[in-house]
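**Q** Structure, please.
(one chain, ligands or ions: 1)
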Amino acid sequence: MQLRYSFRLYPSAGQRAALAKAFGCARVVYNDALRARETARSEGMPFPKTGDLSKQLITEAKSTPERAWLGEVSAVVLQQSLRDLDTAYRNFFDGLKGKRPRMGAPRYKSRKDTRQSVRFTANARWSITTGGKLHLPKIGDLKVKWSRRLPWTPSTVTVVKDSAGRYFASFVVETGPEEVLPEVAPEVGIDLGLGHFAVLSDGTKVDSPRFLRRAERRLKKAQRELSRKEKGSRNRTKARIKVARAHARVADARREFHHQLSTKLIRENQAVAVEDLAVKGLARTRLAKSVHDAGWSAFVTMLEYKAARCGRTFVKIGRFEPTSQVCSWCGGKDGPKPLHVRVWTCGACGAVLDRDINAAVNIAKAAGLAVSACGARVRPGLVPAPRGEAETHPTPQPSTAR
Ligand SMILES: [Zn+2]
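**A** Below is the predicted model:
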């Protein structure tokens with residue numbers, strides 16, 4: 001499995017200038033190669049090979065006055081740029097052949113693109129110094145904020161500048177299930193909701209943390225301020241940068257929250273089950289869907305890879321029966337309920353159920369997990385549903401059945 005690790009970089013002014021040069025050169029080589037291929041296509045010539053383009057557009061171009069400055073950046077960065085174009089073409093052609101979702105033909109890059117990047121492979125001889133800095137050829141030793149532990153040093157690093165003007169080092173690390181955790185008993189179903197971020201089958205309701213809500217509030221404020229600024233004014237430009245920064249902070253805070261919650265859930269449970277989001281999405285409006293699905297799918301992806309890495313079971317259930325309409329206590333099916341109904345009474349057994357927890361229990365049950373329906377029950381029904389005559393009224397207990 002491949003995992004991406006990103007760390008914030010703090011380049012000095014000189015290093016920022018050197019990086020700008022590298023971004024620019026990589027972009028020029030990419031565009032030159034794209035132009036060469038487009039020209040060949042329009043003239044009915046064969047598709048130029050990458051090796052030939054590398055010789056012509058990098059090695060030979062460096063000795064011409066118009067492209068002499070290509071020599072000021074690491075040649076590996078330029079070669080990687082050609083490889084990126086190859087990938088873009090391959091994805092495009094595979095899309096045409098129906099091997100993957102269709103996508104557009106490769107496009108020219110612009111200096112105004114919001115995201116700029118360059119990649120250094122092992123050939124570039126980049127390294128992490130003993131002082132914990134990132135050494136990049138022809139750029140220097142960059143300060144890194146190591147927010148997580150890298151399992152080991154990967155062979156390739158991508159340096160990215162985002163729309164908020166921040167720099168990141170991004171590493172792709174190949175991992176195996178080498179962090180298998182000791183077995184634990186609990187298993188859990190998770191209902192992702194609009195009211196709470198997540199509701200668990202054991203009755204826990206999880207809201208977004210304060211640091212995320214605060215970042216979201218600041219973003220709203222920045223957006224309001226931007227809308228009040230006059231078009232074309234310098235203050236508007238400033239306000240726009242502020243909004244981009246606030247956006248980036250919200251994205252960071254959200255990612256941090258997803259990491260914390262998914263790690264906790266995987267540590268504390270042997271198995272987790274969620275509903276397929278495509279199924280879930282049917283019930284919601286388009287606006288809410290677009291906002292929440294993005295966050296949910298990132299979160300579900302984290303659960304999935306962390307489960308795989310830690311030796312836990314991850315189950316995604318598809319459409320079976322509407323989770324909010326089935327009584328998790330007796331299995332009886334009650335009709336559809338409008339969203340504002342948070343607590344309902346099962347017509348079959350009389351149990352009073354919390355809508356969200358009931359859904360989470362049903363998700364867990366559909367996934368074949370051993371969970372108790374106790375958490376979903378606000379009050380037991382007037383008529384208990386004993387399985388045997390000798391059985392008395394069941395008292396709510398945490399799940400121990402396995
Ligand atoms: Zn019932």
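
**Q** For stretch 299-311, buried residues please.
**A** By neighbour count, with 16 or more other Cβ atoms under 10 Å as the criterion, the buried positions of stretch 299-311 are F299, V300, M302, L303, E304, Y305, K306, A307, A308, R309, C310. Every C-beta, even on glycine, is put in place using the N, C-alpha and C of the backbone.

**Q** Equivalent analysis for stretch 26-42, please.
**A** A26, R27, V28, V29, Y30, N31, D32, A33, L34, A36, R37.

**Q** Repeat that for stretch 215-228.
**A** A215, E216, R218, L219, A222, L226.

**Q** Would you mind measuring from the last one to L277?
**A** Going back to what we said before, that points to L226. 31 Å (Cβ to Cβ, to the nearest Å).

**Q** on that earlier part again, restrict the buried residues of stretch 215-228 to contacts with the ion.
**A** Near the ion, taking Cβ under 5 Å from the ion as the test, no member of the buried residues of stretch 215-228 is found.

**Q** What parts of the stretch 301-402 of the chain come near the ion?
**A** C327, W329, C330, G332, C346, A348, C349, A351.

**Q** Just the buried ones from those residues, in ChimeraX syntax?
**A** Remark: buried members of these, expressed as a ChimeraX selection using 16+ other Cβ under 10 Å:
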select :327,329,330,332,346,348,349,351
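
**Q** Which one of the residues of the stretch 301-402 of the chain next to the ion is nearest to L96?
**A** C327 (49.9 Å; Cβ to Cβ).

**Q** hang on, R249 packs against A215?
**A** Yes - counting by Cβ atoms under 8 Å, A215 is a contact partner of R249 at 4.8 Å.

**Q** Which residues are in contact with T39?
**A** By Cβ atoms under 8 Å, 6 or more residues apart in numbering, the contact list for T39 reads M45.

**Q** helix or strand for it, which one?
**A** Assessed by DSSP states H and E, T39 sits inside helix 13-42.

**Q** What is the subsequent helix or strand relative to that helix?
**A** Next element after helix 13-42 (DSSP H and E): helix 50-54.

**Q** Need the contact partners of the helix or strand just after that next one.
**A** For helix 50-54, the following helix or strand on the C-terminal side (DSSP H and E) is helix 75-96. Contacts of helix 75-96 from elsewhere in the structure, counted by Cβ under 8 Å, 6+ apart, are 22, 25-27, 29-30, 33-34, 37, 50, 53-54, 57-58, 70, 100-106, 118-121, 123-124, 137.

**Q** Please identify the buried residues of helix 75-96?
**A** Quick answer for helix 75-96 (16+ other Cβ under 10 Å): 75-82, 84-85, 88-89, 91.

**Q** and the angle for it with helix 13-42?
**A** 40 degrees (axes from the mean of the first three to the mean of the last three Cα atoms, to 10 degrees).

**Q** quick check, distance from the helix or strand just after helix 75-96 to the centre of its chain.
**A** Following helix 75-96 in sequence order, the next helix or strand is strand 116-120 (DSSP H and E). Strand 116-120 sits 20 Å away from the centroid of its parent chain (Cα atoms, centre = their mean, to the nearest Å).

**Q** Check the average confidence over strand 116-120, would you?
**A** Here strand 116-120 scores 93 as its mean pLDDT.

**Q** ok, it: who's next to it in the sheet?
**A** The strands that strand 116-120 pairs with in its sheet are strand 157-161 (antiparallel) (by DSSP bridges).

**Q** Next, give phi and psi for A366.
**A** Phi and psi for A366, reported as degrees, to the nearest 10, are phi -60, psi -30.

**Q** residue ranges with poor pLDDT in the stretch 201-350 of the chain?
**A** 278-294, 319-321 (pLDDT under 70).

**Q** All the helices of it, residue numbers only.
**A** Assigned by DSSP state H, counting those that start in this stretch, the helices in the stretch 201-350 of the chain fall at 210-228, 234-268, 277-280, 286-310.

**Q** now the ones you listed in JSON lines, with distance to V188?
**A** Output for the helices of the stretch 201-350 of the chain, formatted as JSON lines (distance: least, Cβ to Cβ, whole Å):
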{"stretch": "helix 210-228", "distance to V188": "22"}
{"stretch": "helix 234-268", "distance to V188": "7"}
{"stretch": "helix 277-280", "distance to V188": "17"}
{"stretch": "helix 286-310", "distance to V188": "11"}
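
**Q** Buried ones in stretch 47-64, by neighbour count?
**A** By neighbour count on 16+ other Cβ under 10 Å, the buried set for stretch 47-64 is P48, L53, S54, L57, I58, A61.

**Q** In stretch 160-177, which residues have enough neighbours to count as buried?
**A** Within stretch 160-177, the residues that qualify as buried are V160, K161, D162, A164, Y167, F168, A169, S170, F171, V173, counting by 16+ other Cβ under 10 Å.

**Q** give me the beta-bridge partners of the first one?
**A** Yep, that's V160 we're talking about. S117, F168.

**Q** what's the average pLDDT for stretch 28-38?
**A** What stretch 28-38 shows for mean pLDDT is 95.

**Q** For the residue nearest in space to the middle of the chain, list the residues it contacts.
**A** Residue closest to the average C-alpha location in the chain (Cα atoms, centre = their mean): A298, at 3.8 Å. Residues in contact with A298 (Cβ under 8 Å, 6+ apart) are R254, R255, H258.

**Q** what's the answer for Y108, then?
**A** Taking Cβ under 8 Å, 6+ apart as the definition, contacts of Y108 comprise N31, L34, R35.

**Q** which ones are touching the first one?
**A** Listed by Cβ under 8 Å, 6+ apart, the contact partners of N31 are Y108, K109.

**Q** hmm, back to that, looking at the buried residues of stretch 26-42, which one is closest to R8?
**A** A26 (21.1 Å).
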